[in-house]
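A.B. asks: sequence and predicted structure below; questions after.
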Amino acid sequence: MRDSPATNATFLFIDQAVSMLAFFRRVLSSWVAVALLGVIMIAFIVTGVGTPGGGLVGGMQEDAIATIDGKPITTAEVSSRVQGALNEQRQQNPTITMPAFIAAIGGVTPFVDQFIGTRVLSAWAERHGIVASERLIGADIAAIPAFAGPTGQFDQNRMNAVLSQQHMSFAALHSGIADDIVRRLLLTPISTGTSAPAGLVAPYATLLIARREGAAGLVPARTEGLPQPTDPEIAAFYKANVARYSLPERRIVRYANIGPETVTIAPPTDAEIAAAYKADAAKYAASETRAVSQVVLPDEAKAKAFAAKVGGGMPFDKAATEAGFAPADISLGNLTKAALTTASSADVANAAFALKAGGTTSPIKTGLGWAIVHVEAIKSNPGRSLDQVKAEIATALTKKKTDEAVAKLIGTIDDALNDRASFDDIVKKNKLTAITTPPVIGDGTAPTDPNFKPDATLTALMKVAAQMAPEDQPTVETVGPDQHSALVSVPNIVPAAPLPLAQVKPQIVQAMLAQRAADQARKTAQAILAKVKSGQTLAAAFAAAGLPAPQTVAATQVDVSRLGQNVPPVLRVVFRLQPGGTDIAPGPGGGWFVAHLDEIEPGDPKLLPQVVTATRSELSQSLGEEYARQFSNAARAEVKVKRNDAAQTKLEQQLRGNAPDSGQ
């Protein structure tokens, strides 16, 4: 067995083990679990899920993908949720198309499962008379960030504007929030407070520290010597992979900045400056501050003894230390007389401000005990005349007037939006400057106009713009500090469309050659795999193929956890093999790894107790989630769930290939 890690590395080791557990728990979490344990109300605001369809007559509604106790989950709801998820994905990958997104997640089934998982709990709660109070619903609605106005507080007009933009009624929002509260009330007690037993944790912890040792070699993908694809082959490849060679959905965005630069104010007058000076007279008047320290003792005898020490020459801070006070306990800082009165009492302040620097008061009775104050230093602040502070006051008044003017302008625009005013009408009436972009993707760049550079305002607006449609009302969005906002609308959406074959032919040729090289590498890797399984060593098989010798692979689960979600496929293969096993895995550049596991070496037993302790909390959390999942399964058995596979298939076909219907 190898030497155990140094003691000072033990806690890092344990942290990595816990990180690995968290990683695997995230990877293994299903869409249903996420739906059950997540906060659903955000999805209503972000994805614009509309009001569910009406009641059913004579069976399942035609556009209902599923029903829960007779209430439908409509294709519009699922489609909207899918579009919202795509918009979120485009924050990381602006060029991804709807067909590519649907293919990557394996269809719309995860979204349907999510809807069913959440609606089942609401239906079960309704059967058992569990409801959310209006007070709880109102508090949750008021806490939604999208409904905050310029002051940061809940704004009714702002909420109405957002709901209008999302084509959502207040009743639908109210219902969604109520359902979410009920789900939290049901699941929170079930999923918290669980503890995984040591009998469950210990075997898993043992796996974390076991060391796997083997070897892996790379079969590279080489394009040298491969025949060039013919024109018919290129055309066929283009047709089969047209989504890869398509421009993503793009939006034309119109916006107008709203900020200090868009309002005009009258400069502060001398009278206004004088009035402000008078209102803040105390701020500009002559004042005196004193750096003071104070101790408060419980009875007069101890206070007198303390004062006697200081009077006998002992420094105040030393006497305070002997009395059990820390420096931070006695320092009150630099205070005016009024501030010291507030901090202590009027008697203490009067006594302290009657002393010279270095003086100490006699014990003074206060509500908290007997106070003794020491004056460290005295600082006199001469007053400032109106002429001396005129420019300072003028600057402050200018900012105040500007902020008020901007807030008033935003309020005027919000009122106009509530009256269904158009973008152009608002811009014209309020003398704003409108900016119209070329068709842009999620990060604000224009694929067909490389010279276009998005400014900071457009970049900040794109998350909202990515979810707007031409029929939506414009909206005012905050884009920066200091009262900066912008009016934004999306007058047109350009659907995803294939690029001309002639334009992408060079890229297609490269992709085809790379694919052929990868296929050839896979065949070679499979041939090596067959030789190893027939008894040849991995090193001998690579040598016979004229490839570099395999490299040693040795790692624990903890080592893998350091890589987070970037675990190489070869390591994944090594950790699913049994000793003596061999398999292949994708490698870099289209190449393929051939990996062989020699042995699994037990880990250092000295680390096991610490790893068990460190992993218990993670497994306990997973156990809580499992309890919640099982509760949901039990609720589902009681609630009537019907699925419409035909409606789901139809929606998925639209999203995969029919761009106009899928919101491409």
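C.D. replies: Right, received. Where do you want to start?
A.B. asks: can you list the buried residues in the lengthiest strand in the chain?
C.D. replies: Ordering each strand of the chain by length in residues (DSSP state E) puts strand 369-381 first. Judged by neighbour count using 16 or more other CB atoms under 10 Å, the buried positions of strand 369-381 are 369-376, 378. C-beta: built from backbone N, CA, C; applies to glycine.
A.B. asks: and which of these is nearest residue 360?
C.D. replies: residue 374 (4.6 Å; CB to CB).
A.B. asks: okay, helices next: where are they in the stretch 551-664 of the chain?
C.D. replies: 557-561, 569-574, 608-638, 645-657 (DSSP state H, counting those that start in this stretch).
A.B. asks: closest one to residue 592 among those helices?
C.D. replies: helix 569-574 (9.3 Å).
A.B. asks: check the offset of that closest one from the chain's centre.
C.D. replies: 30 Å (CA atoms, centre = their mean, to the nearest Å).
A.B. asks: could you give the mean pLDDT of that helix?
C.D. replies: Per-region confidence: helix 569-574 scores 85 on mean pLDDT.
A.B. asks: ok, stretch 152-166 next?
C.D. replies: Mean predicted confidence for stretch 152-166 is 81.
A.B. asks: cool, and stretch 599-608?
C.D. replies: 76.
A.B. asks: one step back: looking at the helices of the stretch 551-664 of the chain, which is nearest to residue 427?
C.D. replies: Comparing the helices of the stretch 551-664 of the chain under CB to CB, the one sitting nearest is helix 645-657, at 35.4 Å.
A.B. asks: what does that closest one contact?
C.D. replies: Identification of contacts with helix 645-657 by CB atoms under 8 Å, 6 or more residues apart in numbering yields 62-65, 75, 78-79, 82, 98-99, 102-103, 107-109, 112, 661-662.
A.B. asks: please enumerate the helices of the stretch 1-150 of the chain.
C.D. replies: Here the stretch 1-150 of the chain has its helices, by DSSP H, counting those that start in this stretch, at 10-28, 31-37, 41-47, 75-89, 98-105, 109-127, 134-142.
A.B. asks: where does the prediction get shaky in the stretch 501-650 of the chain?
C.D. replies: 605-608, 610 (pLDDT under 70).
A.B. asks: the residue of the chain positioned farthest from its centre and residue 360, how far apart?
C.D. replies: Distance to the chain centre peaks in the chain at residue 312, reaching 62.7 Å (criterion: CA atoms, centre = their mean). Going from residue 312 to residue 360 by CB to CB, to the nearest Å gives 11 Å.
A.B. asks: do residue 380 as well
C.D. replies: With CB to CB as the criterion, residue 380 and residue 360 are 21 Å apart.
A.B. asks: repeat for residue 428
C.D. replies: 72 Å.
A.B. asks: look at the two and report which has more neighbours.
C.D. replies: A count of neighbours by other CB atoms under 10 Å puts residue 360 above the other of residue 428 and residue 360, at 18 against 11.
A.B. asks: in the sheet, who's paired with the closest residue to the more buried one other than its chain neighbours?
C.D. replies: Nearest-residue entry for residue 360: residue 374, 4.6 Å, with adjacent residues in sequence omitted and distances by CB to CB, 6 or more residues apart in numbering. Beta-bridge partners recorded for residue 374 (DSSP bridges): residue 293, residue 360.
A.B. asks: show me what contacts residue 374?
C.D. replies: 292-294, 310, 316, 359-361.
A.B. asks: any of those residues buried? List them.
C.D. replies: Using 16+ other CB under 10 Å, the buried members of the contacts of residue 374 are 292-294, 310, 316, 360-361.
A.B. asks: quick check: domain ranges of the protein?
C.D. replies: The chain resolves into domains spanning 31-49+57-205+613-657, 211-247+500-601, 250-267+387-494, 287-381 when parsed by automatic domain parsing.
A.B. asks: who wins for proximity to residue 274 among those?
C.D. replies: So among the domains of the chain, domain 250-267+387-494 is nearest, using CB to CB, at 8.9 Å.
A.B. asks: may I have the distance across that closest one, first residue to last?
C.D. replies: In domain 250-267+387-494, first residue to last residue: 5 Å (CA to CA, to the nearest Å).
A.B. asks: still on that earlier bit, report the two of the buried ones among the contacts of residue 374 separated the most.
C.D. replies: Most distant of those, by CB to CB, are 292 and 310, 13.9 Å apart.
A.B. asks: coming back round to it: select, out of the helices of the stretch 551-664 of the chain, the one closest to residue 86.
C.D. replies: Once the helices of the stretch 551-664 of the chain are compared by CB to CB, helix 645-657 is nearest, at 9.1 Å.
A.B. asks: which parts of the closest one count as buried, going by neighbours?
C.D. replies: 647-648, 651-652, 654-656.
A.B. asks: save the buried ones among the contacts of residue 374 as CSV, and put in pLDDT and distance to residue 396 too.
C.D. replies: Output for those, formatted as CSV (pLDDT from 0 to 100; distance: CB to CB, whole Å):
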residue, pLDDT, distance to residue 396
292, 93, 31
293, 93, 35
294, 93, 35
310, 92, 44
316, 94, 40
360, 94, 40
361, 94, 39
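A.B. asks: let's have these in TSV, adding distance to residue 150.
C.D. replies: Compiled in TSV, the buried ones among the contacts of residue 374 are given as follows (distance: CB to CB, whole Å):
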residue	distance to residue 150
292	42
293	44
294	43
310	55
316	50
360	52
361	49
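A.B. asks: that's all I had, so thanks and see you.
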